[in-house]
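In: sequence first, then the predicted structure, then my questions.
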Amino acid sequence: MDLERTIATLERTPRVLRVLLADAPAELVDRPYGPGTWTAREVVAHLIFGEQTDWMPRLEHILAHGESSPFCSFDRAGHKHLLGRSLAELLDSFEAHRRDSLAALRARTLSAADLARRGRHPALGTVTVAQLLATWVVHDLNHVAQVCKAMAFQLKCDVGPWEQYLSILAPPRPR
């Protein structure tokens, strides 16, 4: 686990989303890409909620309690209250929350022993701090891809026969 590389990757996500979404037309950011999927706006709201309730709180819980008690389950619908905000407000909020999260992460000055510390996920069982941090990065990348898929899907009918070459337009797979 290269903590500085992890932090550098996490720092980029707000900028990537701002470039993709700022000033994008509503028809690209406010429509899902299939039943039960999220819009690009909803992904940003979800990322904000994760900053507030998931990554750093789970890290702190692991460091304080180890495996003695599981950390709280994540509320996958907890971001719904944020959806009334404009996309610009959501992007600004995500950037501010991420900046605060990474400042708190840096302030922890985690050692190799800290990265190996174990905690208990409520569904997955034993996890380490390093796994949590790697998951945070992959979670970001997953949602950047999801934003791209949601936006691309709005143009699906316009690409004509090229659709067969564009895997991003494949139907969503249920979890």
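Out: Arrived safely. As the structure is a prediction and not an experimental result, all values here were calculated from the model.
In: in the chain, which spans are strands?
Out: 118-121, 125-128 (DSSP state E).
In: list the buried residues of the last one.
Out: What it means is strand 125-128. Within strand 125-128, the residues scored as buried using 16 or more other CB atoms under 10 Å are 127-128. C-betas here are computed from N, CA, C, even on glycine.
In: relative to the whole chain's centre, how far out is it?
Out: 20 Å (CA atoms, centre = their mean, to the nearest Å).
In: pLDDT of the longest helix belonging to the chain, averaged?
Out: What stands out as the longest helix in the chain, according to DSSP state H, is helix 129-153. On average, the pLDDT along helix 129-153 is 96.
In: before we move on, what about stretch 162-175?
Out: Computed over stretch 162-175, the average pLDDT equals 85.
In: pull that stretch out as CSV, backbone CA atoms only.
Out: C-alpha atoms of stretch 162-175 as CSV (Å, rounded to 0.1, in the frame of the first residue of the first chain):
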residue,chain,number,x,y,z
TRP,A,162,-21.5,1.8,-33.9
GLU,A,163,-23.3,0.7,-30.7
GLN,A,164,-22.0,-2.8,-31.3
TYR,A,165,-18.4,-1.5,-30.8
LEU,A,166,-19.2,0.5,-27.7
SER,A,167,-19.2,-1.7,-24.6
ILE,A,168,-20.1,1.3,-22.4
LEU,A,169,-23.6,1.1,-23.9
ALA,A,170,-24.2,-2.5,-22.8
PRO,A,171,-27.2,-2.9,-20.6
PRO,A,172,-26.5,-2.6,-16.8
ARG,A,173,-25.9,-5.8,-15.0
PRO,A,174,-27.9,-6.3,-11.8
ARG,A,175,-25.9,-6.8,-8.6
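In: picking that back up, the longest helix of the chain - contacts with which helices or strands?
Out: When contacts are defined as 3 or more CB pairs under 8 Å, 6 or more residues apart in numbering; DSSP states H and E, helix 129-153 sits against helix 3-21, helix 26-29, helix 40-53, helix 55-65, helix 112-115.
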